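[1] Below is the structure, and that's it, no one-letter string:
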């Protein structure tokens, strides 16, 4: 898939990615890509009892505007994933988040990991959690 088509799908809320090899058969891995939707409202100070909660929401809104492309690299215990149980922190071996401003930056990062948009799959095709 080319990046223009992928960007359209991400804009519609779809999640795409790759199965990731792990060094342990007890774990499954994925690289998942999505685009964070822009917040449709601007947080107001009077809506928050504490100043720090308001500031967290403001920073989140700014981050979504500046770096909407999100990559999650995740490794999860195989038995938990296959059982369909709700995962806990102890079940996750890796959970790294990366954010990018432009799809070109995202594409470069994915290529540095050894993947290509040409072989990207919808999350349902890779049995993503």
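    Nice, I can see it. No experiment lies behind these values; they were computed from the predicted model shown. Numbering: from 1, shown residues only.
[2] Would you tell me what the next helix or strand after the lowest-mean-pLDDT helix or strand in the chain is?
    When the helices and strands of the chain are scored by mean pLDDT, DSSP states H and E, helix 51-66 comes last with a mean of 87. Using DSSP states H and E, the next helix or strand after helix 51-66 towards the C-terminus is strand 69-77.
[3] strand partners of that next one, parallel vs antiparallel please.
    strand 27-35 (antiparallel), strand 92-100 (antiparallel) (DSSP bridges).
[4] Any idea which of the ones you listed gets closest to residue 67?
    Of all the strands paired with strand 69-77, strand 92-100 sits nearest to residue 67, with 3.7 Å by C-beta to C-beta. All C-beta spots, glycine's among them, are computed from the backbone N, C-alpha and C.
[5] could you give the mean pLDDT of that closest one?
    On average, the pLDDT along strand 92-100 is 97.
[6] Quick one: residues in contact with it.
    Contact partners of strand 92-100, identified using C-beta atoms under 8 Å, 6 or more residues apart in numbering, comprise 22, 24, 27, 29, 63, 67-77, 106, 109.
[7] In PyMOL, select just the buried ones from those.
    Command for PyMOL, covering only those of these found buried under the criterion 16 or more other C-beta atoms under 10 Å:
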select buried, resi 22+27+29+67+68+69+70+71+72+73+74+75+76+77+106+109
